[in-house]
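Colleague: Provided below for reference: sequence and predicted model.
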Amino acid sequence: MGSSCSNHLGIPPPKGPNHVGCTDFMMDHTAQGSFFRLYYPCQETEKAEKPDWVPNMEYFYGLADFMKINRTWSEKIFEYLFGSYKIPAYMDAPFKSSEKCPVVIFSHGLGAFRTLYSAICVELASQGFIVASVEHRDESASATFYFHEKTEPGLTQREWMYYRALKHGESEFPLRNKQVKQRADECILALDKLTQMNSGVAVQNVLQTPFDYTTLENSMDLCRTAVIGHSFGGATVIESLCKEVKFKCGVALDAWMVPLDDEIFPRVKQPIFFINSEKFQWAGNISRMKKLDCTVIDRKMITIRGTVHQSFPDFTFLTGNWIGKLMKLKGEIDPELAIDLSNKATLAFLQRHLHLEKDFNQWDPLIDGHDKNLIPGTNNLSQLKPVPLNE
Ligand SMILES: CCN(CC)CCN(C[C@]12C[C@](c3ccc(C(F)(F)F)cc3)(C1)C2)C(=O)Cn1c(SCc2ccc(F)cc2)nc(=O)c2c1C=CC2
């Protein structure tokens, strides 16, 4: 998919001091291996291209499946609406950072995949983080791929795994609980791969990208690691914190709490920041977040006024107001202002709990909802509303 998009829409560029590079990593041919997009501070290079936002057509097919719409014409619509957008980062640009980078593992939502939260991941990388945006193989992604057993040396063909919808009459919890456990394992495995890269252990990347992973040796501060996720990825944050104490804190963006066992809540010991949209809130979901409230561990919650569930993924920047509001991809608030508030509040929380020596503490008031576009805690209407299913 070529040609730069000419209209005013697009994924907002990063605001931090670093230029941002990105590259893809897949540890082996199997669906059990780790697969993520890596965003990192890079050298400024004219040569590097900006990658397509949606890397392969199969992702649009998967998105059609997820949206329960016909693949044929929806692929044309997606191609027309979104086919030419680029990620505001330089593909395979050389890594460059004057200091060790803190690390974030990012987990996407149901029906999403690794590139759909680029505005968040690129911003964090521009602020000095190394971010691995995992692509989950639990059949919750619209689509993902791995490789058939090596047919011939070097020659490998992609195997696509598509979104698995709930079967008619199938109950949601058992599937989502199994998936959230796999998702947490995949976040932990991604952290393990980054740990190997940091220690100079040679790691195999079955995607022959030109990026030189040896340049990441001694580049990461693995004592400063966090996990962040949207919706189902927010539940993955909680599950990952419970399973892996190397994650020092978590940021759950509009967490969908359904997949989680109640019994894990008392077992999570790390700080958690819930950043919620105004619309994706209902009593059952909020009450489970509140079960994580704790006097001795920093647990924070804010609501961003005028936002919807889709205010966190990149789609919110890519359609005009009319279509955006119709498809609930946009709320009342300007999408760039909303993500800016979310990113700044996230950076302040990460500074506090990863003990960063940056100036992100300038945004501490946002953690407590002190801004005209923020509400401390929930939107308090959540008691009234039934469960939103089409958010
Ligand atoms: C009818 C299908 N039904 C499936 C269960 C509900 C579908 N749905 C609402 C949608 C996603 C929507 C969407 C996307 C993308 C366009 C596009 F046109 F821009 F492409 C339009 C409209 C359709 C808004 C959600 O699932 C909401 N949601 C999400 S949305 C994450 C996502 C997925 C694909 C993306 F491209 C971007 C973001 N992540 C979660 O973890 C959870 C939920 C709900 C509970 C847990």
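Modeller: In hand now; what should we look at?

Colleague: quick one, strands of the stretch 251-391 of the chain?
Modeller: Taking DSSP state E, counting those that start in this stretch as the test, the strands found in the stretch 251-391 of the chain are 272-277, 299-304, 374-376.

Colleague: Buried deepest among these, which one?
Modeller: strand 272-277 (a mean of 26; mean count of other C-beta atoms under 10 Å). Using the backbone N, CA and C atoms, a C-beta is placed for each residue, glycine as well.

Colleague: Sketch out the low-pLDDT regions of this structure for me.
Modeller: Across the chain, the ranges flagged by pLDDT under 70 are 1-7, 150-155, 381-391.

Colleague: any chance you could map the strands in the stretch 51-200 of the chain?
Modeller: 90-91, 101-107, 130-134, 143-147, 158-162.

Colleague: Quick one: closest of the ones you listed to Gly233.
Modeller: Closest approach to Gly233 among the strands of the stretch 51-200 of the chain is made by strand 101-107 (3.4 Å; C-beta to C-beta).

Colleague: Return the residues of the protein in contact with the ligand.
Modeller: Taking C-beta under 6 Å from any ligand atom as the contact definition, the chain meets the ligand at 63, 67-68, 109-112, 116, 231-232, 256, 309-310, 313, 315, 327-329, 390-391.

Colleague: For the buried ones among the residues you listed, write the corresponding PyMOL selection.
Modeller: In PyMOL syntax, the buried subset of the residues of the chain next to the ligand is picked out as below (16 or more other C-beta atoms under 10 Å):
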select buried, resi 63+109+110+111+112+116+231+232+256+309+310+313+315+328+329+391
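
Colleague: hang on, the earlier thing: minimum distance to Ala93: which of the strands of the stretch 251-391 of the chain has it?
Modeller: strand 272-277 (29.4 Å).

Colleague: That closest one - contacts with which helices or strands?
Modeller: The contact analysis (3 or more C-beta pairs under 8 Å, 6 or more residues apart in numbering; DSSP states H and E) places strand 272-277 against helix 232-243, strand 249-253, strand 299-304, helix 335-354.

Colleague: Which residue, neighbours along the chain excluded, lies closest to Glu172?
Modeller: For Glu172, ignoring the flanking residues on the chain, the nearest one in space by C-beta to C-beta, 6 or more residues apart in numbering is Leu166 at 6.1 Å.

Colleague: Same check on Ala184?
Modeller: Looking at Ala184 with C-beta to C-beta, 6+ apart, the closest residue is Glu239, at 3.9 Å.

Colleague: The host helix or strand of Phe25: how far from the chain's middle?
Modeller: Counting by DSSP states H and E, the element that carries Phe25 is strand 19-26. Taking the mean of its C-alpha atoms, strand 19-26 sits 14 Å from the chain's own mean (C-alpha atoms, centre = their mean, to the nearest Å).

Colleague: Strand 130-134 and that one, what's the angle between them?
Modeller: 40 degrees (axes from the mean of the first three to the mean of the last three C-alpha atoms, to 10 degrees).

Colleague: Could you name the helices and strands sitting against strand 19-26?
Modeller: On a contact count with 3+ C-beta pairs under 8 Å, 6+ apart, strand 19-26 meets strand 35-42, strand 90-91, helix 118-126.

Colleague: Pipe these into TSV and attach mean neighbour count and distance to Arg183 per row.
Modeller: Below are the helices and strands packed on strand 19-26 laid out as TSV (neighbours: other C-beta atoms under 10 Å; distance: least, C-beta to C-beta, whole Å):
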stretch	mean neighbour count	distance to Arg183
strand 35-42	26	12
strand 90-91	20	26
helix 118-126	26	17
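
Colleague: out of the ones you listed, nearest to Met197?
Modeller: Counting by C-beta to C-beta, Met197 lies closest to strand 35-42 out of these; the figure is 9.3 Å.

Colleague: could I have the closest one exported to CSV, CA atoms only?
Modeller: Provided in CSV are the C-alpha atoms of strand 35-42 (Å, rounded to 0.1, in the frame of the first residue of the first chain):
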residue,chain,number,x,y,z
PHE,A,35,6.1,-11.6,18.0
PHE,A,36,6.2,-7.8,18.6
ARG,A,37,6.8,-4.4,17.0
LEU,A,38,9.7,-2.6,18.7
TYR,A,39,9.6,1.2,19.0
TYR,A,40,12.8,2.8,20.2
PRO,A,41,14.8,6.1,20.2
CYS,A,42,16.8,6.3,17.0
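
Colleague: So which residues of the chain form helices?
Modeller: Counting by DSSP state H, the chain has helices at residues 57-66, 71-82, 118-126, 172-198, 232-243, 283-290, 321-326, 335-354, 364-367.

Colleague: what are the pairing partners of the longest strand seen in the chain, and which direction each?
Modeller: Using DSSP state E, we find that the single longest strand of the chain is strand 220-230. Sheet pairing for strand 220-230, assigned by DSSP bridges, gives strand 101-107 (parallel), strand 249-253 (parallel).

Colleague: and those as CSV, adding mean neighbour count?
Modeller: Formatted as CSV, these follow (neighbours: other C-beta atoms under 10 Å):
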stretch, mean neighbour count
strand 101-107, 28
strand 249-253, 27
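
Colleague: What are the phi and psi values at Thr295?
Modeller: Backbone torsions of Thr295, given as degrees, to the nearest 10, read phi -80, psi -30.

Colleague: coming back round to it: would you indicate which residues of the longest strand of the chain are buried?
Modeller: For strand 220-230, burial by neighbour count (16+ other C-beta under 10 Å) applies to 220-222, 224-230.

Colleague: rewinding a little: dihedrals phi and psi, the residue nearest to Glu172?
Modeller: In terms of degrees, to the nearest 10, the main-chain angles of Leu166 are phi -60, psi 130.

Colleague: shouldn't it be in contact with Gln179?
Modeller: No: taking contacts as C-beta atoms under 8 Å, Leu166 lies outside contact range of Gln179: 11.2 Å.

Colleague: Give me the more crowded residue out of those two.
Modeller: Gln179 (21 against 10; other C-beta atoms under 10 Å).

Colleague: Without its sequence neighbours, what residue ends up closest to the more buried one?
Modeller: Nearest non-adjacent residue to Gln179, counting by C-beta to C-beta, 6+ apart: Asp138, 4.1 Å away.

Colleague: same thing with Pro14?
Modeller: Ser126 (3.3 Å).
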